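Student: Sequence and predicted model, in that order:
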Amino acid sequence: MTATTAPANHRVRVHPSTLPRLVIAEWIKFRTVRSSWWILALGVLVIPAFAVSRMVSIAQVPELAGQPGMVGAVYVTSGVALTQLAFCTLGVLAITGEYGTGQIRSTFAAAPARIPALAGKLLVTLAAVVVASLVGIALAWASSAPWFDETGLSIDLSREQDARIMLGVPLYLAAATALAFGIGTIVRSSAGGIVIVLALLLVLENALALVPWEPLQTLGAYLPASAGSRVLLAGDAGSVVTASSSTALSPWAGYGVMLAWVAAVLAVAGVLLRRRDA
């Protein structure tokens, strides 16, 4: 029995780990993890479920029909508050899942610079969230339409406010997911990352919003969810995802504050990713 060897002049072609190749690799990993699809499905279904629930509730009170200040887009997208929890969980697991299994070492071996691998994973996760969000609001709009005449509500994308709120859903959910992804990268623990994200969005921001002390109220208005959710609001209403009632920020200024938080968290995550062992 003889062993065969490759010719001396044979060369193995090694493709560089460019960002497009890393994105493709991350998409393969993402779509083969069953939990990713379950979380996305949950997030998609929550939005129309809440929309129908709100429409039915309004229809049962005829006096509310056509009341000023009632904006159809706000009620149709009311499920965002719960959907963000599902997508934030996905954002954390997208990175911490590989730390839990040890696969992150193979990922970094293929992309020694690490940051491109992180960017590829983030891009795939955000693309999935944006598509799922668009499907969710489309289903919410379609499932709510039968009650529009009865409730006096409607959605018209030619109205700036309606267009902003409907577009704001995928924008806000993508930013919240990116924030969770950054936190997950920093702590490298699924349980720890999810607890921190939920504590920030559900406990800290709501607690500060409920304390009747102006400095804390002002601080709370500049926290990620309270600021970012301004893009989902109509008129002078308070936040739809936290207890904050502040209207200090305009819709797009508030979303800009949230993006600043996301950028800061991802920057810290990137620095730690380069300095720490896998």
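Tutor: Perfect, thanks for sending it.
Student: Please work out how many residues are found near V129.
Tutor: V129 has 29 neighbours, counted by other C-beta atoms under 10 Å. Placement of C-beta: from N, CA and C, glycine included.
Student: doesn't L173 make contact with it?
Tutor: Yes: under the criterion of C-beta atoms under 8 Å, V129 makes contact with L173 at 5.6 Å.
Student: Need the overlap of contacts for the two.
Tutor: When contacts are counted by C-beta atoms under 8 Å, 6 or more residues apart in numbering, V129 and L173 have 43, 87 as shared neighbours.
Student: and V187, what does it touch?
Tutor: Taking C-beta under 8 Å, 6+ apart as the contact definition, V187 lies against 96, 193, 196.
Student: Keep only those of the residues you listed that are in helices.
Tutor: 96, 193, 196 (DSSP state H).
Student: The chain: strands as residue ranges?
Tutor: Remark: no strands are assigned in the chain by DSSP state E.
Student: Show the low-confidence segments of it, by residue range.
Tutor: Along the chain, the parts satisfying pLDDT under 70 run over 1-16, 62-69, 235-246, 278.
Student: longest single helix anywhere in it?
Tutor: If you go by DSSP H, the chain has its longest helix at helix 115-144.
Student: Check which helices and strands that one sits against.
Tutor: helix 19-31, helix 34-59, helix 72-76, helix 80-101, helix 103-110, helix 160-187, helix 251-275 (3 or more C-beta pairs under 8 Å, 6 or more residues apart in numbering; DSSP states H and E).
Student: residues making contact with the shortest one?
Tutor: For helix 72-76, the surrounding residues in contact (C-beta under 8 Å, 6+ apart) are 51, 54-55, 58, 137, 140-141, 144, 148, 151, 153-155, 161-162, 165-166, 232-234, 237, 240.
Student: Just the CA atoms of that helix, as PDB, please.
Tutor: C-alpha atoms of helix 72-76 as PDB (Å, rounded to 0.1, in the frame of the first residue of the first chain):
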ATOM      1  CA  GLY A  72     -53.800  54.700  12.900                       C
ATOM      2  CA  ALA A  73     -50.100  54.100  12.300                       C
ATOM      3  CA  VAL A  74     -49.500  54.300  16.000                       C
ATOM      4  CA  TYR A  75     -52.100  51.600  16.800                       C
ATOM      5  CA  VAL A  76     -51.100  49.400  14.000                       C
END
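Student: mind checking how far that helix is from the chain centre?
Tutor: Computed by C-alpha atoms, centre = their mean, to the nearest Å, the chain-centroid distance of helix 72-76 equals 19 Å.
Student: G182 versus the closest residue to R31 other than its chain neighbours, what's the distance?
Tutor: Computed as C-beta to C-beta, 6 or more residues apart in numbering, the closest residue to R31 that is not its neighbour in sequence is W37, at 7.8 Å. Separation of W37 from G182 (C-beta to C-beta, to the nearest Å): 23 Å.
Student: more crowded one of these two?
Tutor: The residue with more neighbours, out of W37 and G182, is G182; 27 against 14, by other C-beta under 10 Å.
Student: doesn't L272 make contact with that one?
Tutor: No: if you go by C-beta under 8 Å, G182 and L272 don't touch, sitting 10.1 Å apart.
Student: can you list the ones in helices among the contacts of V187 in JSON lines and add distance to V80 and neighbour count?
Tutor: Below are the ones in helices among the contacts of V187 laid out as JSON lines (distance: C-beta to C-beta, whole Å; neighbours: other C-beta atoms under 10 Å):
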{"residue": "T96", "distance to V80": "24", "neighbour count": "23"}
{"residue": "G193", "distance to V80": "21", "neighbour count": "26"}
{"residue": "I196", "distance to V80": "21", "neighbour count": "18"}
